[in-house]
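Novice: Next one to model:
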Amino acid sequence: MHKSTMSEKGNCIGYAARDPSGVLSHYEFSRRDLGTDDVSIRITHCGVCYADVIWTRNKHGDSKYPLVPGHEIAGIVKEVGSNVKRFKVGDHVGVGTFVNSCRDCEYCNDGLEVQCVKGSVFTFNGVDADGTITKGGYSSHIVVHDRYCYKIPDNYPLASAAPLLCAGITVYAPMMRHKMNQPGKSLGVIGLGGLGHMAVKFGKAFGLNVTVFSTSISKKEEALSQLGADKFVVSSDQEQMKALVKSLDFIVDTASGDHPFDPYMALLKTGGIFVLVGFPSEVKFSPASLNLGMKTISGSLTGGTKDTQEMIDFCAAHGIHPMIEVIPIQYANEAIDRLTKRDVKYRFVIDIENSLK
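Specialist: Coordinates of the predicted model:
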């Protein structure tokens, strides 16, 4: 088949889903022209996140096709607008889950743009200020206002940086907000996927005693030896669970499958904090689980620009790298299928620069 030249079809190539089957295939489109505050980024890597499954397959009923997923983006600056001072051509940069916000509300002013009162604009399947639908990182380049770009230190691999932009910040932000960076305290991590394995890594870097809770015994060896967790508990084992009652200061729950909450709440010490970052279909627990030990349950969702940059710098300074499986973009459909079966350790990262042609 004759492939059209780039100029006929647009200035960017990517992979897009055309309908709720979610099947991704070659797609050409145009990115906006570079604005005075914009950074144009040649994408080298993009992480595969469960959000890509949700929106390519229209799980929320709001997908706008053709849809180009991907919001864990790492790359190299190829051009900057005339007002941009923070970045220069050749810099390593990241883009996370949002690319715009009102820049004027109390949350934006505090660097917490993800909570923008008017709603932040998602990196893909969002409606941007000019009315266009945003398209994500399964593509050759992206143009983003410099406020929503992050500096990646030159010595930190771009492939490793990609998953930090969603999986990493989703656990780092609430861990910092709830002061989980206190050496000697104890942390429980529920679920050992893309988010959970990063919570373990941050927990160990903060000097915490980390216990992993999983439904699958098969992850035990890796949790203890490779991720450095102190304990591994199969959550269905009531004896093991009972032994940990009132022993944890913090719990980060990354599980999106349905699971009971009371047994975990019982593991918290008095004043303990339970943070939910997964999306089970419902959250149900007895008021006594909360009230009797004056416990806190808190939700969270990625993080703002301030926390995100801080996390990237922390990972670079402490040598924290996600465990990744690097794939060519031609494997994206299989990767998304495998992700739905939890068959990944622990994040797929697409090598855009060497495979997207």
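
Novice: in the stretch 201-350 of the chain, which spans are helices?
Specialist: 220-225, 238-242, 262-265, 287-291, 305-318, 332-340 (DSSP state H, counting those that start in this stretch).

Novice: how about those helices in a markdown table, adding distance to Ile297, mean neighbour count and mean pLDDT?
Specialist: The way it works is simple: take the backbone N, C-alpha and C, and place the C-beta from them, glycine included. Formatted as a markdown table, the helices of the stretch 201-350 of the chain follow (distance: least, C-beta to C-beta, whole Å; neighbours: other C-beta atoms under 10 Å; pLDDT from 0 to 100):
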| stretch | distance to Ile297 | mean neighbour count | mean pLDDT |
| --- | --- | --- | --- |
| helix 220-225 | 24 | 15 | 94 |
| helix 238-242 | 18 | 12 | 95 |
| helix 262-265 | 8 | 18 | 96 |
| helix 287-291 | 6 | 12 | 96 |
| helix 305-318 | 21 | 19 | 98 |
| helix 332-340 | 27 | 17 | 95 |
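
Novice: Now that we have these, can you turn them into CSV and tack on distance to His178?
Specialist: Shown next, in CSV, are these (distance: least, C-beta to C-beta, whole Å):
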stretch, distance to His178
helix 220-225, 22
helix 238-242, 23
helix 262-265, 15
helix 287-291, 16
helix 305-318, 13
helix 332-340, 28
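
Novice: and of those helices, who's closest to Tyr138?
Specialist: Closest to Tyr138 of these is helix 332-340 (C-beta to C-beta; 6.6 Å).

Novice: outside of the closest one, which residues touch it?
Specialist: 15, 22-24, 48, 50, 52-53, 56, 138, 327, 344, 348, 350 (C-beta atoms under 8 Å, 6 or more residues apart in numbering).

Novice: rewinding a little: out of the helices of the stretch 201-350 of the chain, which comes closest to Gly207?
Specialist: Checking the helices of the stretch 201-350 of the chain against Gly207 by C-beta to C-beta gives helix 305-318 as the closest, at 11.2 Å.

Novice: ok so, going back, could you list which of the contacts of helix 332-340 belong to helices?
Specialist: Among these, the members found in helices (DSSP state H) are 50, 52-53, 56.

Novice: wouldn't Lys269 be in contact with Ser247 here?
Specialist: Yes - the criterion here is C-beta atoms under 8 Å, and Lys269 meets it with Ser247 at 6.9 Å.

Novice: could the ones in helices among the contacts of helix 332-340 be laid out in a markdown table, adding distance to Tyr107?
Specialist: Below are those laid out as a markdown table (distance: C-beta to C-beta, whole Å):
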| residue | distance to Tyr107 |
| --- | --- |
| Tyr50 | 25 |
| Asp52 | 26 |
| Val53 | 28 |
| Thr56 | 29 |
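
Novice: Brilliant, that's me finished.
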